[in-house]
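A.B. asks: From the sequence below, what's the structure:
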Amino acid sequence: MAQAVITPDQDAIVSEIEIAAPPERVFHALTQADQLARWWSSKTCPREFWQMDARRGGRWHFKNKPSTTMTINGVNVFEAIGEILEFDPPRLLVYTWIANWHRDKTRRTIVRWELTPSGAGTQVKVTHSGLAQEDVARKDYSGGWAGVVEMLKKFVEK
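C.D. replies: The predicted model follows:
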């Protein structure tokens, strides 16, 4: 089971997982809207849509249907947008993350996916930074990112 760690400065969440697939396959699952729409969803937060323009400078956007069991900062329809800052297939994907459930709904945070080949396939590390002033969202992300990498693993390995 993946876990997420909050950095000592309270600014970032880091989660890592080993996936039994090559980096190219994992990167594809992280950058193709049709792939993201299939795995980045749950019963708690069912997906409404995923959009991804997978290139440096490209935009991404997701929105979930209303959650009946989860509310963060008064929000139960979760939506996030951003721009891809770094795009280096199949090893690095970095994008801004602006979420409607943050206290400051205009706060730009950064999500960094690092993929490293390993004996079993790919070591995946995701770091979500810029969260020092987002205490409620940061607490949610500490469980959320571990769940996201688990869903990615399950999807890619099936």
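
A.B. asks: Next, the contact list for residue 75, please.
C.D. replies: 100, 101 (CB atoms under 8 Å, 6 or more residues apart in numbering). For glycine as for every other residue, the C-beta is placed from the backbone atoms N, C-alpha and C.

A.B. asks: That one pairs with what?
C.D. replies: Taking DSSP bridges as the rule, residue 75 bridges to residue 72.

A.B. asks: do the same with residue 110
C.D. replies: Here residue 110, judged by DSSP bridges, has bridge partners residue 96, residue 129.

A.B. asks: do you know how far it is from residue 97?
C.D. replies: 7 Å (CB to CB, to the nearest Å).

A.B. asks: what ranges do the strands span in this protein?
C.D. replies: 4-6, 12-19, 47-52, 59-64, 79-88, 92-99, 109-118, 121-129 (DSSP state E).

A.B. asks: for the fifth one, packing partners?
C.D. replies: Applying 3 or more CB pairs under 8 Å, 6 or more residues apart in numbering; DSSP states H and E, one finds that strand 79-88 makes contact with strand 59-64, strand 92-99, strand 109-118.

A.B. asks: which residues are contacting the longest one?
C.D. replies: Yep, that's strand 109-118 we're talking about. Taking CB under 8 Å, 6+ apart as the rule, strand 109-118 contacts 18, 22-23, 26-27, 30, 82, 85-86, 90-99, 102, 122-131, 134.

A.B. asks: Report all helices and strands that the longest helix anywhere in the chain contacts.
C.D. replies: Once the chain is assigned using DSSP state H, the helix that runs over the most residues is helix 135-157. Secondary-structure packing of helix 135-157 (3+ CB pairs under 8 Å, 6+ apart): strand 4-6, strand 12-19, helix 23-31, helix 33-39, strand 121-129.

A.B. asks: Report the distance from it to the chain centre.
C.D. replies: Here helix 135-157 is found 7 Å from its chain centre; the criterion is CA atoms, centre = their mean, to the nearest Å.

A.B. asks: Near residue 128, how many other residues are there?
C.D. replies: 24 (other CB atoms under 10 Å).

A.B. asks: actually residue 94, not the one I wrote
C.D. replies: 18.

A.B. asks: Same question for residue 86.
C.D. replies: 12.

A.B. asks: before we move on, what about the one 10 residues further on?
C.D. replies: Other residues within reach of residue 96, judged by other CB under 10 Å, total 18.
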